[in-house]
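this is a predicted model, with the sequence first.
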Amino acid sequence: MFIAILAITAFVIAGVAAYFSVQGIATLYAGAFISVLVMAGALEVGKLVATSFLYRYWHKTNLLLKTYILVAILLLMGITSMGIFGFLTSAYQTSLVEFSQAETQQEFLVSQKAILEKELESLNMRVETLNQSRLSQEQRLPTMSRIAAKPVYEDIKAAGEEITQARGRMNQIFDEIKNLDLQTLEAQKQSGKQKDIGTLKYAAELFGTDINTVVKWFTLAIIVVFDPLAIALVLAYNIAANRKFNDDEEEVVEE
């Protein structure tokens, strides 16, 4: 039973590694995608068969052939690892672009809001200055003649019109800020959907490095255990199956 589980596990991991590798390699040669898929798939199968052959017939194979097969297996493991690396980093780049777009959008919206808030502050100060000036002029009117008061009335009227315009613009700014807040909230939702990037970004901040470095080492850690584990499990299956076969033969002889 355990041998069957070992075999299934070995070939599932090998199959998944082969899928990622073949996809990654085919993406590099997108001009002949199908052809490269077939080629890379055949090499992956050949690698597993060669591993089993080398274990089973190591002592019966001449030095030149087994040296070539061993080198070929090691090279294919390297190619598989590069394919997996390409597949994973390509998926990361796709997520990163979406995450970066969402973050850039947020930064733009924040900067736009800051500009509007600065304009709003300036308008508030202008309205306050005009109100104080108008109040001061109104207080002077009772002591002035009709002729002297005429330009003062015009100034008061002009200040009132400017205040009205300023308040109208302030209302527009309030609406624009509200709209920016809604857009920022939507951008944050879009950014929040990229949970994998958010986790990697947090890890990068935690270790005081950039996100690309974290992704590089994390991807390399996956590669180190992925295809080598598949090969190791294929060898383990061959060892277990061979030992089971020998034990069965011994039992038959004893009987």
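Yep, it's here.

what number of residues lie near residue 16?
Other residues within reach of residue 16, judged by other CB atoms under 10 Å, total 14. C-beta coordinates here come from the backbone N, C-alpha and C atoms, glycine included.

residues near residue 92, how many?
19.

how about residue 179?
Around residue 179 there are 13 other residues, counting by other CB under 10 Å.

now swap in residue 21 and tell me
29.

which residue packs closest to it, ignoring adjacent ones?
Excluding the flanking residues, the one nearest residue 21 by CB to CB, 6 or more residues apart in numbering is residue 83, at 3.3 Å.

let me know the outermost residue of this structure.
Of all residues in the chain, residue 145 has its C-alpha farthest from the mean position, at 75.4 Å, by CA atoms, centre = their mean.

pLDDT score assigned to that one?
On pLDDT, residue 145 comes in at 71.

then residue 86?
So, for residue 86, pLDDT stands at 81.

so it sits against residue 28, correct?
Yes. The criterion here is CB atoms under 8 Å, and residue 86 meets it with residue 28 at 6.1 Å.

out of the two, which sits in the busier spot?
residue 86 (19 against 15).

what element comes up after the host helix or strand of the more buried one heading to the C-terminus?
Element membership for residue 86, per DSSP states H and E: helix 63-140. As assigned by DSSP H and E, the chain's next helix or strand after helix 63-140 is helix 146-193.

would you mind measuring from residue 165 to residue 126?
Applying CB to CB, to the nearest Å, the value for residue 165 to residue 126 is 10 Å.

thinking again about what came up before, check which helices and strands the helix holding residue 86 is in contact with.
helix 2-28, helix 33-56, helix 146-193, helix 195-206, helix 211-254 (3 or more CB pairs under 8 Å, 6 or more residues apart in numbering; DSSP states H and E).

what would those helices look like in JSON lines with distance to residue 130?
Below are those laid out as JSON lines (distance: least, CB to CB, whole Å):
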{"stretch": "helix 2-28", "distance to residue 130": "65"}
{"stretch": "helix 33-56", "distance to residue 130": "69"}
{"stretch": "helix 146-193", "distance to residue 130": "5"}
{"stretch": "helix 195-206", "distance to residue 130": "48"}
{"stretch": "helix 211-254", "distance to residue 130": "51"}
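
nearest to residue 77, out of those?
Nearest of these to residue 77, taken as CB to CB: helix 211-254 at 5.3 Å.

still on that earlier bit, any idea which of the helices and strands packed on helix 63-140 is most buried?
helix 2-28 (a mean of 18; mean count of other CB atoms under 10 Å).

what mean pLDDT does that one have?
80.

can you check stretch 64-78 too?
The average pLDDT within stretch 64-78 is 89.

buried ones in that stretch?
By neighbour count on 16 or more other CB atoms under 10 Å, the buried set for stretch 64-78 is 66, 69, 73, 76, 77.

who are the neighbours in contact with the first one?
Yep, that's residue 66 we're talking about. 54, 58 (CB atoms under 8 Å, 6 or more residues apart in numbering).
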